[in-house]
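Undergrad: prediction below, plus the sequence it came from.
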Amino acid sequence: MSICRTGCATKDHDSYADCLIAANVTVSATAVSPLKSMYEKTKTDLTAYGSARRNGIQPEGTTVEKVRQAETASRALGRPYNANVDPPASMIVNKNAARFVNATD
Ligand SMILES: [Zn+2]
């Protein structure tokens, strides 16, 4: 007579506890992967954000998209973009827009 759970895939465990532990390991490994990709995304975002901050740029947010917009705005402005005082970075996409922003400083 098997001591394993009904849903056990291998049915080769020495105790019901071993069976549960094996099942949990399988569940965790599956559950970890979306978290891991979220973690990798966050890590990428924070790396880009940290790099921008070291250059004196203040993006509107910590996502790569916001950081890239802030970097583009900084290049157009000829100075580090600052979300606290500048208009949305998505508006500062060329030198003409940048000139207007700099003139109203
Ligand atoms: Zn089992």
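TA: Everything's here; your move.

Undergrad: please make it C-alpha for all contacts and neighbour counts, starting now.
TA: Will do.

Undergrad: would you mind listing the buried residues in the longest helix anywhere in the chain?
TA: Ranked by residue count, the top helix of the chain under DSSP state H comes out as helix 16-54. Residues 19, 45-46, 48-50, 52 are the ones in helix 16-54 that count as buried (16 or more other C-alpha atoms under 10 Å).

Undergrad: tell me the confidence at residue 56?
TA: Looking at residue 56, its pLDDT stands at 97.

Undergrad: what sits closest to it if chain neighbours are left out?
TA: Excluding its sequence neighbours, the residue lying closest to residue 56 (C-alpha to C-alpha, 6 or more residues apart in numbering) is residue 80, at 5.6 Å.

Undergrad: and that neighbour, how many neighbours?
TA: Number of residues near residue 80 (other C-alpha atoms under 10 Å) recorded here: 20.

Undergrad: quick check: the residue nearest the centre of the chain vs the ion, distance?
TA: Among the residues of the chain, the one closest to the centroid is residue 42, at 2.3 Å (C-alpha atoms, centre = their mean). Residue 42 is 37 Å from the ion, where distance means C-alpha to the ion, to the nearest Å.

Undergrad: could you measure the nearest residue to that residue once chain neighbours are set aside against residue 6, distance?
TA: Leaving aside its sequence neighbours, residue 42 sits nearest to residue 63 (C-alpha to C-alpha, 6+ apart; 7.9 Å). From residue 63 over to residue 6 the distance is 45 Å, taken as C-alpha to C-alpha, to the nearest Å.
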